[in-house]
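> here are the coordinates; sequence isn't available:
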């Protein structure tokens, strides 16, 4: 992880910028297959406005849209919503274990709608989260992957 | 049988209804080629497809007349759409000749995505990380794998049964269905492998499961089978894959369920948007689709009360039989609610509001928003009967 990436604090647009940059280096997108997804993370904090961050999977490329001033303007296919503390715990878990453990995968945290919920007005667009489930998990796990190496050897 | 037959002109031989002009060989040997196909091809020349950022996609080559998919093709032939076709081509006997019967607006993208995201059950699952589980958990995982290995293959059999009946001018839809056949073969493979990999082996195959699969396979129309399979059956299995990932006791099952989830979600995306395409062009079909789903849901209500289907996920969620007995069906209820809610949302997206009509008994609909009394009452009555 570069100095700039290490210095990016969570939550911030810089954190997601760094994560997307890192994932772009370490993920084997051609093996995973291409993806078309605009994904937003909406993080609630007690007595504070919800903060949202966006990432865009575009073919074999990935970019961060940083912190979103206007979530609706981002036109997300799906919004992952939950308490900031849940997201923080997920990324801490990934960093600690070199990838999410069994209880902290993106799907495990969002299946029941708590503590995370996958939202979207259009179920077909929302279901893209499931169509790219492995890509999304490897993207998140990249927060812990060694720089310059594939996040996993598998698909 | 096609056979050679002597004809009066010694330079021609008959092959069934065709004939071979042997004099052509003599002319060609002298360099006197016909070249009619080159001078007057009868097709659109000069149309150039430009690759997009992921390569040359089906959408990229849908240019000029080649991108025009007829609502009702003039012929029933395997000739590539856009080619110059002989007048005397044989009739292939296709029975699905209306575009709306198989098309969806996302089918080209889904085909490309399917090809791009193929995976191997042998290579891409970290089998060496399979955990040794307590016997009750291994039994539960093996029973779940048995059910999934059983149900997945029908989603290959059904499109395979209909593929040869679909007009070749809808080739993109046929190609997508071919990817589904491959996907489902891999799902059948991976769950069979999982059942055997941990030493537990296969569990029970239940008649009710087979009845639902038979309903799909025996569907009298593609409409009926697609609604039952792509929308209802695969929608439920997609939720089951999500639950499987959540319950997975090791990285092996985590990976299996995530990879299967990706494939299944593509099939559901096709089914949802296909039904939407169909209903937009012929809203009068809505009642037919309601009737198909009525029958499917009635069988699904039996599935939700089948121990071999319900209990494995409950035991895996609780961490064992004893813990599951304490938690009762709490975990299963969460899954059931999610399955039904997502199914109803997809029906609505397709243009078919099932909330007022859903044929599940009252106890299975607890926690589902906006379910109308008509469907509930009907379902309860049918179960009492």
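That came in fine, so what should we check first? Treat the numbers as computed from the prediction; the structure is a model and nothing was measured. Residues are numbered from 1 along each chain as shown, chains lettered A, B, ... in the order given.
> what about residue 25, neighbour count?
Reading this off chain A. For residue A:25, the tally of surrounding residues (other CB atoms under 10 Å in any protein chain shown) stands at 15. To be clear about C-beta, it is placed using only N, CA and C from the backbone, and glycine gets the same treatment.
> other chain: chain B
That count, for residue B:25 with other CB under 10 Å as the rule, works out to 10.
> Please identify the helix or strand for it.
helix B:22-29 (DSSP states H and E).
> Leaving out chain neighbours, which residue sits closest to the closest residue to chain B within chain A?
In chain A, the residue that lies nearest chain B is residue A:33 (3.1 Å; CB to the nearest CB). Take residue A:33 and drop its neighbours on the chain: the residue closest to it by CB to CB, 6 or more residues apart in numbering or on different chains is residue B:117, 3.1 Å away.
> for residue B:369, same thing?
residue B:341 (7.4 Å).
> Which elements pack onto the helix or strand containing that neighbour?
With secondary structure defined by DSSP H and E, residue B:341 is part of helix B:330-350. Counting contacts by 3 or more CB pairs under 8 Å, 6 or more residues apart in numbering or on different chains; DSSP states H and E, helix B:330-350 is packed against helix A:123-126, helix B:234-247, helix B:251-281, helix B:307-318.
> how about a markdown table for those helices, with mean pLDDT and mean neighbour count added?
Below are the helices and strands packed on helix B:330-350 laid out as a markdown table (pLDDT from 0 to 100; neighbours: other CB atoms under 10 Å in any protein chain shown):
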| stretch | mean pLDDT | mean neighbour count |
| --- | --- | --- |
| helix A:123-126 | 95 | 20 |
| helix B:234-247 | 92 | 26 |
| helix B:251-281 | 97 | 25 |
| helix B:307-318 | 90 | 21 |
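> so which of those helices comes closest to residue B:11?
With CB to CB, the closest approach to residue B:11 among the helices and strands packed on helix B:330-350 belongs to helix B:251-281: 52.4 Å.
> now the angle from that closest one to helix B:307-318?
In terms of direction (axes from the mean of the first three to the mean of the last three CA atoms, to 10 degrees), helix B:251-281 departs from helix B:307-318 by 120 degrees.
> from the chain's centre, how far out does helix B:251-281 sit?
8 Å (CA atoms, centre = their mean, to the nearest Å).
> next structured bit after that helix?
Next element after helix B:251-281 (DSSP H and E): helix B:286-303.
> chain center to that next one: distance?
18 Å.
> Spatially central residue in chain A, please.
Nearest to the mean C-alpha position of chain A, counting by CA atoms, centre = their mean, stands residue A:140 at 5.0 Å.
> check whether the helix or strand harbouring that residue contacts chain B.
Using DSSP H and E, residue A:140 falls within helix A:133-141. Yes. Looking at helix A:133-141 against chain B by CB under 8 Å from any CB of the partner chain, the contacts come from A:133, A:134, A:137.
> Show me the helices in chain A, by range?
Along chain A, counting by DSSP state H, helices occupy A:3-7, A:13-26, A:29-32, A:71-74, A:84-97, A:106-110, A:123-126, A:128-131, A:133-141.
> Rebuild the ones you listed as a markdown table, extending it with distance to residue A:58.
A markdown table is the format used below for the helices of chain A (distance: least, CB to CB, whole Å):
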| stretch | distance to residue A:58 |
| --- | --- |
| helix A:3-7 | 21 |
| helix A:13-26 | 11 |
| helix A:29-32 | 10 |
| helix A:71-74 | 14 |
| helix A:84-97 | 23 |
| helix A:106-110 | 19 |
| helix A:123-126 | 15 |
| helix A:128-131 | 13 |
| helix A:133-141 | 12 |
